[in-house]
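J.: quick one, fold the following:
(one chain, ligands or ions: 5)
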Amino acid sequence: MAALFGPRANSLAIVMIVGVLTLAVLFAVAAYLFYRSPYQTAVGYAPEQPVPFSHRHHVGGLGIDCQYCHASAETSDFAGIPATHTCMTCHSREWTNAEMLAPVRQSLAREEPLRWVRVHNLADYVYFSHRAHVNNGVGCESCHGRVDRMPLMVQRKPLTMQWCLECHRNPAPELRPENRITAMGYVPAEEGIAGSELIEHYGTPLDRLTECTTCHR
Ligand code: HEC
Ligand code: HEC
Ligand code: HEC
Ligand code: HEC
Ligand code: HEC
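T.: Numbers count the residues shown, from 1 in each chain. Ligands and ions are numbered 1, 2, ... in the order given. As a prediction, the model looks like this:
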């Protein structure tokens, strides 16, 4: 017994304590890295929202165009999230007492915006612009998927550098005419318009699209 609590046991205990502490720190670092990594916020990410707003219902069912709520996609880098009064143009008449819409009415009454949880989020060191894409033949569907089928908004594409570059190297098959940018279920191959024709029509700057400074400025 004496040997167990002797000087050797003390140093063994110190080794064990240091070992456990080191493991704890490593675990915390690993957890932090995982939390920050794209695995955490990638394809399939669908956070809960303050109101269970359904694109399937409003876009797929009621047929409201993206532009009605995300009008700035054409004019700015950001597509933007609609203000509460945009919802109220209809919901002051439709479903006025629904429990689900209580936060919307409250937001209007208190003049406080709804706090929607962001779904898509690029790193700050990446430059992205909606206007550059949607005015030049790239449809919402190419980057956001079948929004008209989403009961809750979900990220469908990885938004990694490789994913951006895949299209930037060969955008022709992804391009659409101006009047189909917000259309869902559009299949370019079935429309009989050649990608090369659209590249010419939009004057797509193919040489510039893969340069680092296009996305990192
Ligand atoms: C009636 C209004 C309305 C219409 C129409 C609408 N949206 Fe939205 N959209 C919203 C609201 C509100 C949010 C924020 C809540 C959420 O993420 O679901 C949102 C969120 C989004 C997001 C996620 C934003 C983020 O946080 O990353 C995308 C992408 C999006 N909409 C695309 C579209 C597309 C594409 C269309 C057309 C096919 C469309 N929306 C039509 C209201 C609308
Ligand atoms: C152009 C009209 C219109 C606009 C704009 C609109 N809604 Fe709706 N919304 C409706 C109608 C109509 C219904 C459902 C009635 C039904 O069930 O047929 C509905 C249903 C809902 C529901 C019930 C759940 C569901 O989807 O079935 C929620 C929640 C909702 N809307 C939230 C919102 C929010 C938040 C906004 C603003 C971002 C918004 N709506 C904008 C017309 C609209
Ligand atoms: C080329 C790909 C691409 C296209 C096309 C595109 N988006 Fe996006 N969208 C993104 C990316 C990437 C983000 C995240 C941006 C960020 O984090 O800065 C985003 C973010 C959003 C957001 C969140 C708010 C914001 O402005 O950041 C909404 C809403 C949205 N998109 C709607 C749309 C709609 C509506 C269309 C079509 C009119 C569209 N997007 C077309 C890639 C695209
Ligand atoms: C589905 C195809 C597609 C995807 C995906 C895509 N892009 Fe693009 N992008 C284009 C096309 C086509 C253009 C050229 C538009 C034009 O004609 O000016 C472009 C242009 C741009 C421009 C403007 C270039 C300039 O100097 O005019 C930026 C910035 C950009 N993209 C960033 C991104 C980033 C960042 C991503 C990924 C998060 C991305 N893009 C994903 C097709 C795409
Ligand atoms: C079409 C847009 C685009 C172009 C062009 C582009 N990048 Fe990126 N880059 C991105 C995006 C988006 C990310 C963020 C990736 C993520 O969050 O997973 C990124 C991330 C990075 C990172 C961070 C590490 C990583 O891999 O995630 C480095 C370094 C980088 N890019 C360097 C470059 C260099 C060097 C070039 C030129 C050869 C270049 N990029 C061209 C879009 C682009």
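
J.: poorly predicted segments of this protein, please.
T.: 1-10, 12, 14, 25, 27-41 (pLDDT under 70).

J.: now do the helices in it.
T.: Secondary structure of the chain (DSSP state H): helices at 7-36, 38-41, 55, 66-69, 84-91, 102-110, 130-134, 140-144, 161-169, 188-191, 195-202, 212-215.

J.: out of the ones you listed, which one sits most buried?
T.: helix 55 (a mean of 22; mean count of other C-beta atoms under 10 Å). (Each C-beta comes from the backbone N, C-alpha and C, glycine too.)

J.: does it reach ligand 3?
T.: No. Counting by C-beta under 6 Å from any ligand atom, ligand 3 has no neighbours in helix 55; the shortest distance is 10.0 Å.

J.: around ligand 2, which positions in the protein sit nearby?
T.: Residues of the chain lying near ligand 2 (C-beta under 6 Å from any ligand atom): 51-54, 57-58, 62, 64, 69, 82, 86-87, 89-91, 94-95, 98, 100-101, 104.

J.: how about 8 Å then?
T.: 51-54, 56-58, 61-62, 64, 68-69, 81-82, 84, 86-91, 94-95, 98, 100-101, 104, 114, 151 (C-beta under 8 Å from any ligand atom).

J.: out of the residues you listed, who's near ligand 1?
T.: 51, 53, 58, 64, 68-69, 81-82, 86-87, 114.

J.: for the residues you listed, give me a markdown table that also has distance to residue 133.
T.: Putting these into a markdown table (distance: C-beta to C-beta, whole Å) gives the following:
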| residue | distance to residue 133 |
| --- | --- |
| 51 | 28 |
| 53 | 24 |
| 58 | 23 |
| 64 | 21 |
| 68 | 19 |
| 69 | 18 |
| 81 | 18 |
| 82 | 20 |
| 86 | 23 |
| 87 | 26 |
| 114 | 26 |
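
J.: pick the one among those closest to ligand 5.
T.: residue 81 (21.1 Å; C-beta to the nearest ligand atom).

J.: please name the residues that touch that closest one.
T.: 69-70, 116 (C-beta atoms under 8 Å, 6 or more residues apart in numbering).

J.: can you do 10 Å?
T.: Residues counted as contacts of residue 81 (C-beta atoms under 10 Å, 6 or more residues apart in numbering) are 69-70, 72, 113-114, 116, 118.

J.: can you check residue 199 too?
T.: 137, 171-172, 175, 206.
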